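Colleague: model this:
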Amino acid sequence: MLFNWFNARAADQCGAELARFFMERMPIDTQKNEKKFAAKTSELLTKLSLRLNQFKSSNRLNFYTKAKLANSFKWALKDAGYDAKYVDDLTEWLVKQL
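Modeller: Numbers count the residues shown, from 1 in each chain. Just a heads-up that it's a prediction; the model follows:
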């Protein structure tokens, strides 16, 4: 029972999948000063929130699994080349959704 607490494979995969979902819809070269950027980002965050809520409804998340999910999300975006400040802000948003 205790070892299940440390089983974060599903959370790790979810974080990576959420990052892929984000990267497909918001390429790195998207101009942040674009007029439609805020609307596009808001719509995308709503979709990410829905996906995250679906995952949370079928998986019990503890402190460790939440951290693994957020870490997987953050490093997938950083490794893809997104701006570090932007990634930190997105990860902070994600953690608040958890």
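Colleague: how many neighbours does Thr46 have?
Modeller: 9 (other CB atoms under 10 Å). Every residue, glycine included, has its C-beta placed from N, CA and C.
Colleague: what sits up against the helix or strand where it lies?
Modeller: Assigned by DSSP states H and E, Thr46 falls within helix 37-58. Counting by CB atoms under 8 Å, 6 or more residues apart in numbering, helix 37-58 makes contact with 10, 14, 17-18, 21-22, 25-26, 30-31, 93-94, 97-98, all of which sit outside it.
Colleague: rerun that using 7 Å as the cut-off
Modeller: Here helix 37-58 makes contact (CB atoms under 7 Å, 6 or more residues apart in numbering) with Cys14, Leu18, Phe21, Phe22, Arg25, Met26, Thr30, Gln31, Trp93, Gln97.
Colleague: if we ignore the residues flanking it in sequence, what's nearest Asp88?
Modeller: Lys74 (7.6 Å; CB to CB, 6 or more residues apart in numbering).
Colleague: now that neighbour: how far from Thr91?
Modeller: 4 Å (CB to CB, to the nearest Å).
Colleague: show me the helices in this protein, by range?
Modeller: Using DSSP state H, the helices assigned to the chain run over residues 2-5, 9-25, 37-58, 63-80, 84-97.
Colleague: got a markdown table for the ones you listed, with mean pLDDT too?
Modeller: Output for these, formatted as a markdown table (pLDDT from 0 to 100):
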| stretch | mean pLDDT |
| --- | --- |
| helix 2-5 | 59 |
| helix 9-25 | 90 |
| helix 37-58 | 88 |
| helix 63-80 | 92 |
| helix 84-97 | 91 |
